[in-house]
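>>> Sequence first, then the predicted structure, then my questions.
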Amino acid sequence: MMVSQASCQCQAYEAVESPVNTLRFSPSLCINCGACLDVCPHGVFAAGNGRVQIVRHEACMECGACQLNCPAGAITVDSGVGCASAMIYAALRGKKEVSCGGDEPTCCE
Amino acid sequence: MSLIMQTTSKLTGEERRVWLKARLGIDRMGHRVEPGLYSLGKPERDSPVFVTANYKLSFDALRSQLGDTSCYILVLNTEGINVWCAAGKGTFGTEELIRRIESTNLKDTVNHRTLTLPQLGASGVAALEVRKRTGFKVEWGPIRASDIPEYMRTRKASEEMRRVRFDLRDRMEVIPVEIKNIFVPLAVALVVLFLLGMQGTAFMILTIVMAGIVLFPILLPFLPTHEFASKGFILGVVASIPFMGRAYLASMNEAPWIALVFTLVPALMISPWVAFLALNFTGSTTFTSRTGVRREIFRYIPMMAATFILGIGLEVGFAVAKWYGVI
């Protein structure tokens, strides 16, 4: 896990990032509501002292549930589908967007 | 329109067979439920409301766990796609949920303002947005329908219930569909190869398919390394052993370096394809991220191509050399 310094007008705050995925958490924005604890399917977050903490950063699968349900905007993640066949198929077709269950036969039921 | 349809928590024999058909990939897009509001048992105005997708298996999984609970089930139109995949696409999403709450007049049917959604719907549904626009509070239920009875007792999902799993049973459930998808072209290719007298190649292809789409999902957690492609390469080398043995026996009287290279050729030809099939299994799993898969594609696809080209080049080279009597 890396900690990067992001500059802010009023104060410097640290965002928690990882080189293995795009999940980024800003503890200073966290209001400790616990929504991310409920929606994350991989136990990436855990209750902390006054604010949530990241405990399994590398387990994030970038589903985007935490970002969508964080009321404080403390979490960002470039969400998408981790499916090689969909990505290879899209690359061969020259498409940028990748999703499951489109017009083509895919694995998604 | 506020028609309430009726359902039960009992699955009929026919509905159990639908499960099997869906798992075999038969009529896979036909397993749909009419979207809308359903009543189960004899719900009152204060009965709970569960939300699910209009994929038959999702709907059946939910209601079969509700037993004697009288409740409402709000079925969203996800075009026959399960909750998690539909949430990823956005069809099990904030807009559809709000639309469906309004079109079914849910506010007039129940006197409370709480909906229980499956946790995996959270990548498509912004709970706060739903509350702001409809007044309904979203409660995230457990991931697995089988945990619903426990959840109903405690109204709390344990950490265990909140974690998605990928057990042996889950990994094996995707195998029949994968086989069905390639069955016809595979069978044709095998028959043609046999008729051409290329049994060796036919067995090699069969081995690649068996290793890549049957053994790989089963052995996934037990194979060393963390990446799918490298796990696939390792499994592919193991699956090549009989072919390597045969190649060794055929070349053991040659010079040692020729015997060695000749013995390695089957692994060079088989393992990249097993690795490729293994990489393609990422989409069936419950834990791969787009960043991780993209990294694997860039790192391993060139390696797969190079390995296979080297293998087939050596194979052809040896055949030509034999033809000319060089070895």
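Now that the structure is in, tell me what you want to look at.

>>> only C-alpha atoms for contact and neighbour calcs from this point on.
Will do.

>>> Doesn't B:Met244 lie inside a helix?
Yes: with DSSP: H, G, I helix; E, B strand; the rest coil as the criterion, B:Met244 is part of a helix.

>>> Quick check: chain neighbours aside, which residue is closest to it?
Distance criterion C-alpha to C-alpha, 6 or more residues apart in numbering or on different chains; nearest residue to B:Met244, sequence neighbours excluded, is B:Thr263 at 4.9 Å.

>>> Same question for B:Val164.
Closest to B:Val164 by C-alpha to C-alpha, 6+ apart is A:Pro41, at 5.2 Å.

>>> Surely the one you found and B:Phe166 touch.
No: if you go by C-alpha atoms under 8 Å, A:Pro41 and B:Phe166 don't touch, sitting 11.6 Å apart.

>>> Neighbour count: the two, which is higher?
Per other C-alpha atoms under 10 Å in any protein chain shown, whichever of A:Pro41 and B:Phe166 has more neighbours is A:Pro41, with 29 against 13.

>>> where does that one land in three-state SS?
Going by three-state DSSP: A:Pro41 is coil.

>>> What of A:Val16?
At A:Val16 the chain is in strand, as set by three-state DSSP.

>>> tell me the centre residue of chain A?
Closest residue to the average C-alpha location of chain A: A:Val77 at 3.2 Å, with C-alpha atoms, centre = their mean.

>>> Quick check: buried residues in the helix or strand of chain B with the lowest mean pLDDT?
Every helix and strand in chain B was compared by mean pLDDT, DSSP states H and E; the lowest is helix B:13-23, with a mean of 82. Buried residues in helix B:13-23, counted by 16 or more other C-alpha atoms under 10 Å in any protein chain shown: B:Val18, B:Trp19, B:Ala22, B:Arg23.

>>> what residues does that helix touch?
Here helix B:13-23 makes contact (C-alpha atoms under 8 Å, 6 or more residues apart in numbering or on different chains) with B:Asp27, B:Arg28, B:His31, B:Leu57, B:Glu173, B:Val174, B:Pro176, B:Val177.

>>> Could you save the buried residues of helix B:13-23 as JSON lines and add columns showing distance to B:Gly283?
Output for those, formatted as JSON lines (distance: C-alpha to C-alpha, whole Å):
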{"residue": "B:Val18", "distance to B:Gly283": "23"}
{"residue": "B:Trp19", "distance to B:Gly283": "21"}
{"residue": "B:Ala22", "distance to B:Gly283": "18"}
{"residue": "B:Arg23", "distance to B:Gly283": "16"}
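
>>> which SS class is the nearest residue to the residue nearest to the centre of chain A once chain neighbours are set aside?
Excluding its sequence neighbours, the residue lying closest to A:Val77 (C-alpha to C-alpha, 6+ apart) is A:Leu23, at 4.4 Å. Following three-state DSSP, we place A:Leu23 in the strand state.

>>> My guess is A:Leu23 contacts A:Asp78. True?
Yes: look at A:Leu23 against A:Asp78 with C-alpha under 8 Å: they come within range, at 7.1 Å.

>>> Identify the contacts common to these two.
Residues touching both A:Leu23 and A:Asp78 (C-alpha under 8 Å, 6+ apart): A:Glu62.

>>> Comparing those two, which residue is more hemmed in?
A:Leu23 (24 against 15).

>>> do you know how far the more buried one is from chain B?
According to C-alpha to the nearest C-alpha, to the nearest Å, A:Leu23 stands 10 Å off from chain B.
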